[in-house]
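S.K.: Could you work out the structure for the sequence below:
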Amino acid sequence: MNPETKLQNEIMVKMSELGCIPMRRNVGLFYTQNMIPIHIGTEGEPDIEIICPNGKVLWYEIVYAEFEYCPKCGQAIDLDGCDGK
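M.R.: Prediction:
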């Protein structure tokens, strides 16, 4: 399971423990059993839709990135690197 999916699942479990109804919004290209490609969902939809007990609705777009700290500037940077400023 990729890290983004794992994070989505953790959010959905925690929100359901709080009495919310989380729903995953699947978007992408999938294949049927006989390998016919089908498009699911609408491009640009968030990853998770959550209905809260008070009637409010939350949408979450999950983006997972790995970071490390630059030894030169001390800032959190992505793994591609830093210019050191």
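
S.K.: which residues sit in contact with residue 61?
M.R.: Listed by CB atoms under 8 Å, 6 or more residues apart in numbering, the contact set of residue 61 reads 46, 47. Backbone N, C-alpha and C define where each C-beta goes, glycine included.

S.K.: For the chain, just list every one of the helices.
M.R.: 3-17 (DSSP state H).

S.K.: Quick one: neighbours of the residue nearest to residue 45 when sequence neighbours are not counted, just the number.
M.R.: Excluding the flanking residues, the one nearest residue 45 by CB to CB, 6 or more residues apart in numbering is residue 25, at 4.8 Å. If you count neighbours by other CB atoms under 10 Å, residue 25 ends up with 15.

S.K.: Verify the contact between residue 25 and residue 44 for me.
M.R.: No. Judged on CB atoms under 8 Å, residue 25 makes no contact with residue 44 at a distance of 10.3 Å.

S.K.: that older thread, any idea of the pLDDT on the residue nearest to residue 45?
M.R.: Model confidence at residue 25, given as pLDDT, is 86.

S.K.: What of residue 85?
M.R.: The model's pLDDT for residue 85 equals 50.
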